[in-house]
Structure formats: C-alpha cells, structure tokens
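# Here's a sequence, model it:
(one chain, ligands or ions: 2)
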Amino acid sequence: MSMTENQGDQTKEKKIALAKTDLKDLPEVPPSQNGLEAQGIDGGLGRGDLPRDPSRRRWLRNAGLGVAGGALACYGLSKLKVFPRPGGKEAKSEPTLISRRTNPKNGDEISLLGFGCMRFPLLSTASDPYSSQVDEAASIRMIDRAIESGLNFFDSAYIYHGGRSEVIMGKALKRHDRSDFFISTKVPTIINPTLEQAKKIFVEQLERCQTDYFDYYLLHGVTSTQKIKQIYEANGILEYLLREKASGRVRNLGFSFHGDKECLEYLLSLAIDWDIALVQLNYHDLLREYRPPIWLTAELSAPAPPSWILERMSQTDIPLMVMEPLLGRRLAKLTRKALAVLQEDQQNASAASWAFRYVASIPKVAVVLSGMTLMEHLEDNIKTFSPLNPITPREITVLERALDYFVNPNIIPCTGCGYCMPCPYGVDIPAVFSHYNDCQDNELIPKGVRDPDYERARKAYLVGYDRSVPELRQAERCAGCDKCLPKCPQMIPVSSEIARLGQYAQGLRNSP
Ligand code: SF4
Ligand code: SF4
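Ligands and ions are numbered 1, 2, ... in the order given. Next comes the predicted model:
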C-alpha cells in the first residue's frame, strides 16, 4: 500500500474509535488455549519443546497471586506479591505495590511498569559536565527501589550505554532472588552480526547480566524485511535463537519493531510462535492522525502507523511491551498550554502519569517500559502504577484537548535513543534535536526578521543552544559523513537534519 493510501485510511475518527475500543477489556486466554503447541521451524523447535522452569512455577504458586475484584479484575490486573524490605524486615502493613498483568502466553506475572535500562543516571562532574559515564551507584539505588516497589521487569540491550547497561543491571539484580524478576535483553541488529558473533554476544550477555537464562530475548530494532532476511534468516541467527529457546537459555523470544507494514506482516508470517513484541505506543501517536514524515523518500519507507500496529497485533496472541510511552520524554514536558489543560483537570497529576495511564490501560499491553534517569522519575511512576488507575473515556477527551496545543508538524521525532551515536566528529545528535524540539514546544523558534519578537527569540534559541550543547558538539561540526544515517530507528534523515540545524544556528548567529 502506498504512503498516500496509508494516510487516506487513517482518519482521525477511525483512530479515536480504535483507541477507545482498545481500552475495552479483553478476555484472558486460559493456559490450555494459549498456543503452547509446538509451532517451530525446520527442526520442529517451538513452544512445545520449551523446558519448563521449575523455580519460576514454584514462585508463581507461592506468590499468593489471585485476581482482584472490581476495576482491577476488569483490566486483568492481579493481586500483588509483597516483597521483603531490604534489611530482612517485613513491612508492617501491606503497601500498595505496582500493578501486575498476567502474560496470557506463559503465566508470567509482570509488573505493568518495566525498567528500561537505557537511560540510567550519568555522572557529571565539574571537569566533565557532559560525561556519558553511567552513575553506577545511583542506578543500583534506583533498581533496588524499583524492586522494593514491586517492579519485576528489567529491559536492557547489548548496545545500551555502550554495554554498561547490562553490566550494571546484572550487578544490581544479582543481589536479589532470581525468581523475583524478569530479565529482557536484545541481540544487536545494528551491528549486522554473523552467526558466530551472535553466539558470542549471547554468551557475553549472560555473563554481563550474571544469569544463566533470559526471560525475554528480542531481535533489536527490526526496521525492514530485508534486514530480517539478511541478518536473521540467511545468517542462521533465528534458527540458533530457537535452539537457545529449546535449551531454556531463552524463555521467550520476541522482536522490537520499528519497520513498515510489510515488515511486521513478514515477521508475523514466519513459522515462529513469537512470545512478545516491543512496539512504540503513546497517546500522541494513537489519538492523532498519522502523518508520514515529510522527508520520506524511496530509500526510507513509512514506519507503520502505531494505531495500525496495535490493531494488527490485537489479531494475534502476542503480548506487547511498550517503548516510548512518553515520546522521548516530550509527553512528560508538553507545552505550557497543553500542560494547563491537564492541570485544570487534575492539578497534582504529572504529565507523564497521564501518558503512562493511557498506554497501560490497553489490555493487550503486558508491560510499559520507562527509561528512568532520576529517582523522582521512578517515584512518580511508582505512584502512577501503585495501583494503576485505568484511564477513563472522559480523560481521553481531556488528552485530546491537550493535544490541540501540542501536536506540531515541525518537530523532529527524535526519541533520544542514541543509536546514531557516537558521531566521529563529536556532534551530540540527540542533544541538538532535543534543543530544537524544546524551542518548538515553547514557541522559541525565531520567525522572520520582520517579526517584532525576532530578536528575543533569536537570543533565547542561541543562549539555550550554547547551554545545552557544548560548542564542540554542536550541529555546525557535522562533516556530512552519513555514518549516523542508517542507524536511526525513527527513519530520521539524521545527517541532513543536523546539517539543516547547523546552518540554521549559523544563520541566527550571523543575523544583524
Ligand atoms: S553526518 Fe554529521 S552528524 Fe552524522 S555522523 Fe557524520 S558528522 Fe556526525
Ligand atoms: S536521531 Fe534517531 S537514532 Fe539518533 S537519538 Fe534520535 S531517534 Fe535515536
């Protein structure tokens, strides 16, 4: 289907209706009907061959899990296990912990809030205020606090924080009972691994995470059918991962998806019983009409519209993990006017809490990942999910009104994932895009020189730019090498956008 057709069949009315329909309760699949039959490829590997993990089953039995009544039951949320407090003391009264949802494919009781380990706190010192070194002690404190609050799902990837994410996550989790949490990580599609490399990486990941199995293991950042065929099928990596699943070192196999419609259809057509899919969902993308990015060319195909992804995945039995529920943190900040709409309705609820409640209320969603950098992010999220108060139809209309003051076609849809980094010439690509988007959101983009507000906006843009991006890392340093171009999962033509913003800043500096 062409891009124009994509646009044509995604009317606003249809999308709103879909988003509202998705919030209806879906029946949970009884274990006897949840597709545990073997559906493998080639050697007949599949779920039927998956060895059962006795420690996990014992934990589920002992956890005292049951279905709570009222709204919780309506949304498939389960009663919660109470974790011992650090120091061996039990809490005096049972605290309200983070809500959980049962994965219908395997019975895993997963906390609806998952810890996305790609945005750990960074060390910044007076001598190196822009360090990319992870603050290990602060990260471990956050992981401990998360576990204490009932969070039991930790998601990392081979490439996060240059490999440190898995190491720190492993170090922190090693101090807790392995049956109390789920580890999810990913094979790095971005490096185009050979079969031998993929095998080596897998073993290295187990060592880094200090575990002998992964609960969830995903093909990372799948963006095209061609990549699946080349990297995963022709190289034999998919077949290898199915063997790892049969051996029990991978309990559940899935993919993280950034591709077009054809790519998702191809993944679903493979003779693989996928256990989980990581997709990008948030209320901004689901409630508003999808518009393909303006720069799409023959080389860059249109990413599948999120509402279509949700609708298509709802036709399968594959549970969803959600990434970018905050749209690269933009939904946590919003614009002044959009925030005012939310605060008029609920004065003390954070903008982020609205975004999390929206996606977590979709029954197809098993876990919502949040890349938390500060303890205050974690505390706010704990409040939102303990327990989850599902979004109501009335609140959705409030979100729609807020979006009237937020949707902006000039935004560069960078989520700050950092996959395009490092730039060989030192450009801090996500920081440059983030500054530009902040100025768009705060109406600080200078219009023409004849605009009476031009001088104020020009100064604000440049002062903010110099503060948030050190001079040696600004867009003007871009040499146009195009190394960043193929790495962006959001299909942003990174090099040309960086060049454009470099020229823009230069123009503002030279302006009389
Ligand atoms: S095109 Fe520019 S921003 Fe991208 S990697 Fe090369 S120098 Fe860096
Ligand atoms: S430009 Fe793309 S790859 Fe780079 S940080 Fe933004 S979203 Fe990630």
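# what about the nearest residue to residue 457 once chain neighbours are set aside, distance to residue 427?
Using CB to CB, 6 or more residues apart in numbering and skipping the chain neighbours, the partner closest in space to residue 457 is residue 446 (3.9 Å). (Glycine included, C-beta is placed from N, CA and C.) For residue 446, the distance to residue 427 equals 22 Å [CB to CB, to the nearest Å].
# Do a quick rundown of the strands in this structure.
Taking DSSP state E as the test, the strands found in the chain are 77-78, 100-102, 109-111, 113-116, 153-155, 182-187, 214-222, 250-257, 276-280, 320-323, 365-370.
# out of those strands, nearest to ligand 1?
strand 214-222 (17.7 Å; CB to the nearest ligand atom).
# Give me the below-cutoff pLDDT ranges for this protein.
1-95, 125-130, 290-301, 512 (pLDDT under 70).
# where's the residue nearest to residue 457 relative to ligand 2, distance?
Going from residue 446 to ligand 2 by CB to the nearest ligand atom, to the nearest Å gives 23 Å.
# Am I right that that residue is in contact with residue 459?
No: taking contacts as CB atoms under 8 Å, residue 446 lies outside contact range of residue 459: 9.0 Å.
# before we move on, the earlier item: and the residue nearest to residue 457, what does it touch?
453-454, 457-458, 461, 508 (CB atoms under 8 Å, 6 or more residues apart in numbering).
# What are the structural domain limits within the chain?
For the chain, whose domains are defined here by automatic domain parsing, the residue ranges read 3-403, 429-510.
# Would you format these as TSV with distance to residue 422 included?
Formatted as TSV, the domains of the chain follow (distance: least, CB to CB, whole Å):
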stretch	distance to residue 422
domain 3-403	9
domain 429-510	9
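# Which of these sits closest to ligand 1?
Closest among the domains of the chain, using CB to the nearest ligand atom: domain 429-510, at 3.3 Å.
# Start and end of the closest one, how far apart?
By CA to CA, to the nearest Å, the extent of domain 429-510 from end to end equals 22 Å.
# wait, does it contact ligand 1?
Yes: contact of domain 429-510 with ligand 1 (CB under 6 Å from any ligand atom) involves 429, 478-484, 494-495, 498.
# Mark which of those are buried, thanks.
With burial judged by 16 or more other CB atoms under 10 Å, the buried subset of those is 429, 478, 483-484, 494-495, 498.
# and the residue of the stretch 251-400 of the chain found nearest ligand 2, how far is that from residue 470?
Going by CB to the nearest ligand atom, ligand 2 is nearest to residue 328 of the stretch 251-400 of the chain, at 7.2 Å. Counting by CB to CB, the gap from residue 328 to residue 470 is 21 Å.
# just residue 509 next, same as before
Residue 509 is 16 Å from residue 470, by CB to CB.
# now do residue 281
Residue 281 is 34 Å from residue 470, by CB to CB.
# likewise residue 211?
On the measure of CB to CB, residue 211 and residue 470 end up 38 Å apart.
# What distance do you get for residue 421 to ligand 1?
On the measure of CB to the nearest ligand atom, residue 421 and ligand 1 end up 8 Å apart.
# How many residues are close by that residue?
With neighbours defined by other CB atoms under 10 Å, the count for residue 421 comes to 16.
# give me every residue that touches it.
So residue 421 contacts 428-430, 484 (CB under 8 Å, 6+ apart).
# rewinding a little: when residue 281 and residue 470 are compared, which one has more neighbours?
For residue 281 versus residue 470, neighbours defined as other CB under 10 Å are more numerous around residue 281 (26 against 13).
# Run a quick check on that one versus residue 361, I expect a contact.
No: the pair residue 281 / residue 361 is not scored as a contact, 11.3 Å apart, by CB under 8 Å.
# show me the contacts for the residue of the stretch 1-150 of the chain found nearest ligand 2.
Residue nearest to ligand 2 within the stretch 1-150 of the chain: residue 118 (10.4 Å; CB to the nearest ligand atom). Counting by CB under 8 Å, 6+ apart, residue 118 touches 156-157, 160-161, 165, 371, 417-418.
# Recalculate using a threshold of 10 Å.
Residues counted as contacts of residue 118 (CB atoms under 10 Å, 6 or more residues apart in numbering) are 155-157, 159-161, 165, 323, 369, 371, 373, 416-419.
# Could you measure from it over to residue 221?
12 Å.
# For those two, list the residues in contact with both.
Joint contacts of residue 118 and residue 221 (CB under 10 Å, 6+ apart) are 157, 159, 417, 419.
# Now the phi/psi pair for the second one, please.
In this entry, residue 159 is assigned phi and psi values of phi -90, psi -10 (degrees, to the nearest 10).
# show me what contacts it?
Residue 159 sits in contact with 118, 165-166, 186, 188-191, 220-221, 417-419, where contact means CB under 10 Å, 6+ apart.
# for the stretch 51-200 of the chain, what spans make up the helices?
Residue ranges of the helices in the stretch 51-200 of the chain, as given by DSSP state H, counting those that start in this stretch, are 54-62, 70-74, 136-148, 164-173, 195-209.
# highest average neighbour count across the ones you listed?
helix 164-173 (a mean of 22; mean count of other CB atoms under 10 Å).
# What helices and strands are in contact with that helix?
strand 113-116, helix 136-148, strand 153-155, strand 182-187, helix 195-209 (3 or more CB pairs under 10 Å, 6 or more residues apart in numbering; DSSP states H and E).
# List the strands paired with the shortest one, with their directions.
It stands for strand 153-155. strand 113-116 (parallel), strand 182-187 (parallel) (DSSP bridges).
# Generate JSON lines for the shared contacts of residue 118 and residue 221, with distance to residue 207 as supplementary columns.
Output for the shared contacts of residue 118 and residue 221, formatted as JSON lines (distance: CB to CB, whole Å):
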{"residue": "157", "distance to residue 207": "15"}
{"residue": "159", "distance to residue 207": "16"}
{"residue": "417", "distance to residue 207": "25"}
{"residue": "419", "distance to residue 207": "23"}
